[in-house]
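> here is my input; please provide its structure:
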Amino acid sequence: STLTASSLSCRIDNLDVALTKAGGLARLAGDAAYRADLDKLSRWKNQALERPSYHLVGALSGRATVTEEANLMTADIDASVEKLVVAALQTPTGQPPKWEVMWRELKLQLTGQGSYDSAQDDLKLDASSLSAEGLNVSAKGSLEKLSTAQRVDLTGQLGYDWDVLVQRFGAALGKDIQLTGKDQRPFALKGSLASLTASTGTTASRQVPTRPVSVTNDPNSGTPNAPSTDSTIAGLSDLSGQAGLGWQSAIVYGLTAGPGDVSAKLDKGICQFAPLDTTINEGRLHFTPQIRLDQSPALIVLPREKVIDQVRLSPELCSSWLKFVMPLLADAAEVEGKFSLDVAGGSLPLMTPSTGEMNGAVAIHQAQVRPGPFSMQLVGLVDQIRAVIRQRAAGDPQRERVWMEMPEQSVDFKLTQGRMHHRMITFQIKDVTLRTSGSVGMDETLNLMAEFGIPDDWIGNTKLLAGLKGKSIRIPIGGTLSRPHPDSRVLGELTKQLGGSALEGLLEKNLDNKLDGLFKKNLNKLLPE
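Residues are numbered from 1 along each chain as shown. Predicted coordinates:
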């Protein structure tokens, strides 16, 4: 027999039906081949729900062998979905509900063998597998009270191929995250899915958006949109479980690591990671974060610990996260030296970590830096100031092999309100000891002050410059890391100051000459001829 509708079609072969003496269904068995438009089915389903949670788009097709007898249905399913899109219903504050795309998959393959007890509303999975490009999951277990409590108890294996996944999600990961290797790891999940399903629905979400889920983007892209809220994450608080991942090599934000593993346990909404301890850039990384899914918003909690110890500096590091703590290292042409990082504590929203709070200290174990464009601009301004004071032509720092020395030091930093603050980072540039303080925004905007004391040998014995002895030059810096704007007005102010000093020196010199002449004249009168 064949069933055809606008959203699905199904053909059943080898149909076997047996009735009870009372006319009820005693047995039903058959082989089914089916096709379905998930978008149309989701629209129909969600309009009937008070609190819809997910919307699916894609072309489903497959075969199933089904047997039902005495309220127990067993099934063997083999299905695939082409151009799958998974969207979650979000309700941003003050805005109408809308669908947010969470996942895209070019092709998804699903197999499963199990049974459903309609009297108990329980689903049992004897075996199941889900395969996508670079990922595969196999699981078995049960889902009790399918329509109410949705108590899940699953164990299985997670397989992954980082080379494929990094290629797939390159746009989202960017050049800062590169992983290699393939493996599979066990996982377990237990608890209630009911709150996870209900958490995406609120009073406002009863109005299902009529605007269709967009599928115009490349279905090859698995890049999810950032969700408007983390209410879905909060629903994980009723689940417990454990899982792990590994890799053969990793480059993460300028840190190069060899083989490693990370594992975590979830219990009552708290995801605790086992200590990650591995070698990176000839040093050590030790990291034990915690994710609080029981909080709103969900938080990444960082304990007090030494995270990085004696790690080699690299241009990649200076172009990545380190430039927010030490902006003069941004895009350094060359860098040599080592550093350590101590975190005093932190609390970062999982979905928007740059808006969180964190503080700690970066220790520099001596370093030498070939300046990048930002630092070179500042070096050039210092050279111009030197030239004005010493009345010599400024050199061209672009033509010189300039190095900035960083003596051993510890620099406190603090992330707050989207800005990374630091105080008194010391650089030695030729004969100048330069220090910077201020903040860098996560949007790379600058609010800095560079300061250096005028070296004594710039002044020497020149009386005109005596007023500058022991003084400091302060240079405000605005703009962004890619387009910094050191305040060059300091040159004009310095020129005016030196002009005034020159006038004072000239008057003083003339007065000294007149007094000297008067003294000699009167002295001659007193001396005998």
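> what's near enough to touch Ser142?
Contacts for Ser142 (C-beta atoms under 8 Å, 6 or more residues apart in numbering) come out as Asp122, Leu123, Lys124, Leu125, Val152, Asp153, Leu154. All C-beta atoms are positioned from the backbone trio N, CA, C, and that covers glycine.
> now, of those residues, which are buried?
Asp122, Leu123, Lys124, Leu125, Val152, Leu154 (16 or more other C-beta atoms under 10 Å).
> the last one pairs with what?
What it means is Leu154. Following DSSP bridges, Leu154 is listed with bridge partners Gly141, Leu189.
> center of the chain, which residue is that?
By C-alpha atoms, centre = their mean, the chain has its centre lying nearest to Pro353, at 7.0 Å.
> for it, which non-adjacent residue is closest in space?
If the residues on either side of it in the chain are set aside, Pro353 comes closest to Ile300, at 6.2 Å by C-beta to C-beta, 6 or more residues apart in numbering.
> that neighbour: neighbouring residues, count only.
Using other C-beta atoms under 10 Å, Ile300 has 17 other residues around it.
> in this structure it contacts Met351, no?
No: Ile300 sits out of contact with Met351 when judged by C-beta atoms under 8 Å, with a separation of 10.0 Å.
> low-confidence stretches in this structure?
The chain contains residues with pLDDT under 70 at 1, 23-26, 174, 196-235, 392-400, 498-529.
> that one: helices as residue ranges?
38-48, 162-168, 170-173, 194-198, 231-234, 315-318, 322-325, 373-390, 456-459, 489-526 (DSSP state H).
> if we ignore the residues flanking it in sequence, what's nearest Pro275?
Pro275's closest residue in space is Thr288 (C-beta to C-beta, 6+ apart), at 4.7 Å.
> re earlier: if we take the buried ones among the contacts of Ser142, which one ends up nearest to Val402?
Using C-beta to C-beta, Leu154 comes nearest to Val402 of the buried ones among the contacts of Ser142, at 59.9 Å.
> give the contact list for the closest one.
Contact analysis of Leu154 by C-beta under 8 Å, 6+ apart lists Leu125, Ala139, Lys140, Gly141, Ser142, Ala188, Leu189, Lys190.
> redo the residues you listed as CSV? Include distance to Val369.
As requested, the contacts of Leu154 are exported to CSV (distance: C-beta to C-beta, whole Å):
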residue, distance to Val369
Leu125, 57
Ala139, 51
Lys140, 56
Gly141, 55
Ser142, 59
Ala188, 48
Leu189, 48
Lys190, 51
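> neighbours around the closest residue in space to Val343 that isn't next to it in sequence, how many?
Counting by C-beta to C-beta, 6+ apart, Val343 lies nearest to Gly360, which is 4.2 Å off, once chain neighbours are set aside. Residue neighbour count, defined by other C-beta under 10 Å, stands at 21 for Gly360.
> how close does Gly360 get to Gly345?
Gly360 sits 8 Å away from Gly345, going by C-beta to C-beta, to the nearest Å.
> could you tell me how many residues sit around Ala274?
13.
> wait, it touches Leu245, no?
No: in this structure, Ala274 is not within contact of Leu245 by C-beta under 8 Å, at 11.5 Å.
> what residues do these two have in common as contacts?
With C-beta under 8 Å, 6+ apart, Ala274 and Leu245 have common neighbours Val262, Ser263.
> the strands in the stretch 1-150 of the chain, which residues?
Assigned by DSSP state E, counting those that start in this stretch, the stretch 1-150 of the chain shows strands spanning 2-4, 8-19, 25-37, 54-69, 72-90, 98-117, 122-132, 135-144.
> who does the fifth one pair up with?
Applying DSSP bridges to the sheet, strand 72-90 is found paired with strand 54-69 (antiparallel), strand 98-117 (antiparallel).
> who wins for proximity to Gly441 among these?
Here strand 98-117 is closest among these (C-beta to C-beta), at 26.4 Å.
> sorry, back to before: name whatever forms a beta bridge with the residue nearest to Val343.
Applying DSSP bridges, one finds that Gly360 bridges with Val343, Phe413.
> my guess is it contacts Ser340. True?
No: Gly360 is beyond contact range of Ser340, at 10.3 Å (criterion: C-beta under 8 Å).
> coming back round to it: for the residue nearest to Pro275, what are its contacts?
Thr288 neighbours (C-beta under 8 Å, 6+ apart): Phe273, Ala274, Pro275, Leu276, Pro303, Glu305.
> hmm, 10 Å instead?
The contact partners of Thr288, taken as C-beta atoms under 10 Å, 6 or more residues apart in numbering, are Gln272, Phe273, Ala274, Pro275, Leu276, Asp277, Val301, Leu302, Pro303, Glu305, Val307.
> again with Glu493
Counted by C-beta under 10 Å, 6+ apart, Glu493 has contacts Ile473, Asp487.
> okay then, goodbye and thanks.
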